[in-house]
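Trainee: Next come a sequence and a model predicted from it.
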Amino acid sequence: MLKKVRAAITGVHGYVPEYILTNEELTTMVDTSDEWIVTRTGIKERRILKDPGKASSDLAVKAINGLLEKTNTRASDIDLVLVATVTPDMQFPDTANIIRDKVGITKGFGFDINAACTGFIYTLSVAAKLIETGVARKAIVVGTEKMSTIVDYTDRNTCIIFGDGAGAVLLEPNYDDFGIMDEFLRSDGYGRQFLNMEGGGSLNPASHETVDARQHYVYQDGRQVFKFAVTGMQEAVTEIMLRNKLLTQDVKWLVPHQANIRIIQSTAEKAGFPMDKVMLNIERYGNTTAATIPLCLWDYEDQLVKGDQLILVAFGGGFTWGSILIKWAY
Ligand code: COA
């Protein structure tokens, strides 16, 4: 009998820039306090790429080079690079092509996917399909963000939340029923009014007016996003567990997008997960948008055991939301 081809993660690596932006430093920039930020978001510090000559692709290249080295993989063996980002180096060409060139990947192809904070989930799902259908054999999926380039450091509603970083996974075919087992993906454009960056696209191309109106920064209605995020994350976890007939005890780790500790806690509570089964690093990195989930996997990699079932879950701008069920392959 022909065995089903699945796409399995066979390595994970991350990179965060050295500069640490603490809550204390933020109090010198906006009217806020360490206590407010910690209790409302769970964030204590985030990393910032200070070098103006470096972009999201440079963060990704660091993560990918580390990944190739630790998995003994040659750049020439990679035939697919998918990038999740809302902070591409430029409008075009896409960041995937820039990364391929910088890493020295010449085989196959690559492209970017913009699904904001759900970007890694969407992108991992697409890469898995390309592996399952034989289009690709060795794929890299990377979430990379230089959020500091689109954050307004005079807006206390948003500047406390975001950070820079990149996380990458290697994806390969698996014939033994390990890997990406299922996914639940959703989007609803109604949500675009609550979380967006209006300037710089074809609707509002860059002009003195768009700069003066601060349209090249993230805009967020935090309360609305919070409300939808709680519902969307809960739906995504519940649906994938129901569909796969999973009980909480069958799942080793919940790997939530790191947007706000309170959203994570309510998602875990609703699905019956104790917090010691929930991957967390929001305290140190803040919300790195498409990079939070692979950065979590990287931080917890040495605690993962072959056969562990993981649920990845995220909610983000669009709105977009979704979950992925993984049976860990190594
Ligand atoms: N420091 C101090 N006070 C602040 C503040 C800050 N950094 N930011 C906002 N406030 C104030 C507000 O102005 C408001 O004051 P007011 O009542 O006088 O108007 C008060 O704190 C409460 O604001 P509110 O927006 O209701 O706070 P909140 O508990 O919802 O927390 C967020 C704000 C942004 C942390 C929260 O809404 C959130 O995390 N939303 C989702 C964000 C998210 O997940 N984004 C990524 C997409 S996945």
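Mentor: Yep, it's here.
Trainee: what residues go with each domain of the protein?
Mentor: 6-177, 181-327 (automatic domain parsing).
Trainee: how about the residues of the chain near the ligand?
Mentor: 32, 36-37, 40-41, 117, 156-157, 160, 195, 220, 222-223, 225-226, 229, 259-260, 263, 287, 315-316 (Cβ under 6 Å from any ligand atom). (Each C-beta comes from the backbone N, C-alpha and C, glycine too.)
Trainee: 5 Å instead, please
Mentor: Residues of the chain lying near the ligand by Cβ under 5 Å from any ligand atom: 32, 36, 40-41, 117, 156-157, 160, 222-223, 225-226, 259-260, 316.
Trainee: Now, of these, which are buried?
Mentor: Among the residues of the chain next to the ligand, those scoring as buried are Thr32, Arg40, Thr41, Cys117, Arg156, Ile160, Gly222, Val225, Phe226, Ala259, Asn260, Gly316 (criterion: 16 or more other Cβ atoms under 10 Å).
Trainee: Hmm, Pro256 and the fourth one touching each other?
Mentor: No: in this structure, Cys117 sits apart from Pro256 without contact. The criterion is Cβ atoms under 8 Å, and the distance is 10.5 Å.
Trainee: intersection of neighbour lists for the two?
Mentor: Common contacts of Cys117 and Pro256 (Cβ atoms under 8 Å, 6 or more residues apart in numbering): Ala314.
Trainee: quick one: contacts of the lengthiest helix in the chain?
Mentor: Secondary structure of the chain per DSSP state H: the longest helix is helix 222-243. For helix 222-243, the external contacting residues (Cβ under 8 Å, 6+ apart) are 157-158, 182-184, 186, 191, 194-195, 246-248, 251, 254, 256-257, 259-260, 262-263, 266-267, 270-271, 311, 313-315, 319, 321-325.
Trainee: Out of these, name the ones that lie in strands.
Mentor: 182-184, 186, 195, 254, 256, 311, 313-315, 321-325 (DSSP state E).
Trainee: Only whichever of those are buried, select them in PyMOL.
Mentor: Those of the ones in strands among the contacts of helix 222-243 that count as buried under 16+ other Cβ under 10 Å are selected in PyMOL with:
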select buried, resi 183+184+186+195+254+256+311+313+314+315+321+322+323+324+325
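Trainee: and of the ones in strands among the contacts of helix 222-243, the nearest to Asn281?
Mentor: Pro256 (10.8 Å; Cβ to Cβ).
Trainee: Out of the residues of the chain next to the ligand, which is nearest to Thr10?
Mentor: So of the residues of the chain next to the ligand, ranked by how close each gets to Thr10 (Cβ to Cβ), first place is Cys117, at 25.0 Å.
Trainee: so where do the helices sit in the stretch 51-200 of the chain?
Mentor: Using DSSP state H, counting those that start in this stretch, the helices of the stretch 51-200 of the chain run over 56-70, 95-103, 119-132.
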